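In: A predicted structure for the sequence below; I have some questions about it.
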Amino acid sequence: MLSVIIATYNARELLADCLRSIARNPPKESYEIIVVDDASVDGTSEMMRVHFPEVRLLRNEANRHYAFSNNRAFECAKGEYFLLLNNDTIVLPDALDRMIAFLREHPDAGAVGSKLLNEDGSVQWSVKSLPNPGSALFGARSPLTRLFPNNPFSRHHLLHLDRDMTTPFAAGYVSSAAVMIPRHIIERVGGLDRRLSYHVDADYCRRIANLGYKSYYLPTATIIHLEHKGGTMVSLRRRFRSLVEFHVGSYIYYRKHVQTSAWSPMHIIVVLGLSARFLVSIVAQGCAELVNFVRPPAHRVARQPDRQ
C-alpha cells in the first residue's frame, strides 16, 4: 500500500489539481491520500470535504509549517511506502508505479525522487550533491550558477547536468516535492527536522545516508512541479523571510552534519560567509525591486492572473 502525504497551506485550487492528477494516474496497488491542511484560510478544508471526501483530511489549528504537517501524517499513515508530495504538483502516468517498483527492486534505496518538470516541460534542478561550503558559491541558488550553469563546479552540485536522463542514479539528495520513502526507513530515521524550512530534504537524505542507504533519482518517473509561491507578486516581507529561513537553515545543516564544533576556525569562516551572502542577497533583492519600480510601465512584464 502507498500513502500519499500532501501538506498544504492556502493553495486550494493547486491542491485540487494535484488530487485530480492522482485520480487520473493512480498506482496499480492500493493507496491512501492524507492531506494536512496547515490552517488555511482560503476554504481548502471545505473544498476537500465537498469534492474529495475519500481523502483523509487532517487540519492543524495553527500554521505549523511543512515538517510538522508531514510528521503528523507519518503517525497515522498505513502504507508500506510514503510519498511526500507538494500541493503544486501534477502526477503524470506511471510515475507512482515506477517509484514503487524501483524501491522494491533496490533494497539499498532509502528514498527515490522523481524527475520534476517545470510547467514549460524543462527539467528542474531537483537532484543535487549534499550541501557543503562550496554550495554557497555554486549551488542551485547561487548567482554564479544562474549565470554560468555549465561550469564544472556547478555541475558537481547539480547532478542532472551531463547525466543520462533515462537511467536512475544515486544522488546526494532529491527534492521533497516528490520523494518516496519506505516505511521502515522513516521508522529508523524519524520525522523531518521541524527547525528547517529550507534544506529539510537535504537533511533527511543525509540522515538516510548515515544509516547506510542511498537516495536515488528516477528520471523515468515524471511529475510536473509548478513551484507556486502565492502568485507572481510575492510580498517584500515574505521574500525577506525566505532569505532569512534559507540562511538560518544553511547554518543549522552545517552545524548538524558538517562541523559540530563551535570553536573550529572553519565555523567562524562559515558564519561570516553566510552573513555576507545574506547581506549581498538583501542588496541584490533591493536593487531588483528598485529596477522594477522605476521601469516605465510599457516595458514591465505583464502579470499573470493568480490561480486562486
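Out: Ah, there it is.
In: what residues are up against P182?
Out: 80-82, 103, 109-110 (C-beta atoms under 8 Å, 6 or more residues apart in numbering). C-betas here are computed from N, CA, C, even on glycine.
In: cool, H257 as well?
Out: Per C-beta under 8 Å, 6+ apart, neighbours of H257: 130, 203, 206.
In: That one and F52, how far apart?
Out: 38 Å (C-beta to C-beta, to the nearest Å).
In: in which helix or strand would I find G113?
Out: strand 109-117 (DSSP states H and E).
In: ok, and for stretch 10-24, which residues are buried?
Out: 10-12, 14-19, 21-22 (16 or more other C-beta atoms under 10 Å).
In: Now render the residues you listed as TSV, adding secondary structure, pLDDT and distance to D42.
Out: As requested, the buried residues of stretch 10-24 are arranged in TSV below (DSSP: H, G, I helix; E, B strand; the rest coil; pLDDT from 0 to 100; distance: C-beta to C-beta, whole Å):
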residue	secondary structure	pLDDT	distance to D42
N10	coil	94	5
A11	coil	94	8
R12	helix	95	5
L14	helix	97	10
L15	helix	97	10
A16	helix	98	11
D17	helix	97	14
C18	helix	98	15
L19	helix	98	15
S21	helix	98	20
I22	helix	98	21
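In: how about JSON lines for those, with distance to M47 added?
Out: Output for the buried residues of stretch 10-24, formatted as JSON lines (distance: C-beta to C-beta, whole Å):
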{"residue": "N10", "distance to M47": "12"}
{"residue": "A11", "distance to M47": "11"}
{"residue": "R12", "distance to M47": "5"}
{"residue": "L14", "distance to M47": "11"}
{"residue": "L15", "distance to M47": "8"}
{"residue": "A16", "distance to M47": "6"}
{"residue": "D17", "distance to M47": "12"}
{"residue": "C18", "distance to M47": "12"}
{"residue": "L19", "distance to M47": "10"}
{"residue": "S21", "distance to M47": "16"}
{"residue": "I22", "distance to M47": "15"}
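In: Wasn't S3 part of a strand?
Out: Yes. Assessed with DSSP: H, G, I helix; E, B strand; the rest coil, S3 lies in a strand.
In: pLDDT value on it, please?
Out: Here the pLDDT value assigned to S3 is 98.
In: for R295, same thing?
Out: 57.
In: what does Q259 give?
Out: pLDDT, read off for Q259, is 69.
In: any idea how far M99 is from the nearest residue to Q124 once chain neighbours are set aside?
Out: Setting aside the residues directly before and after it, Q124 is nearest to L116 in space (C-beta to C-beta, 6 or more residues apart in numbering), at 4.2 Å. L116 sits 13 Å away from M99, going by C-beta to C-beta.
In: do the same with L130
Out: In terms of C-beta to C-beta, L130 sits 21 Å off from M99.
In: Show me which of the two is the more surrounded one.
Out: Relative neighbour count places M99 above the other of L130 and M99, with 27 against 19, counting by other C-beta atoms under 10 Å.
In: How about the contacts made by L116?
Out: Here L116 is in contact with 89, 123-124, 126, 175, 177-178, 223-225 (C-beta under 8 Å, 6+ apart).
In: Tell me the confidence at it?
Out: Taking L116 on its own, its pLDDT is 96.
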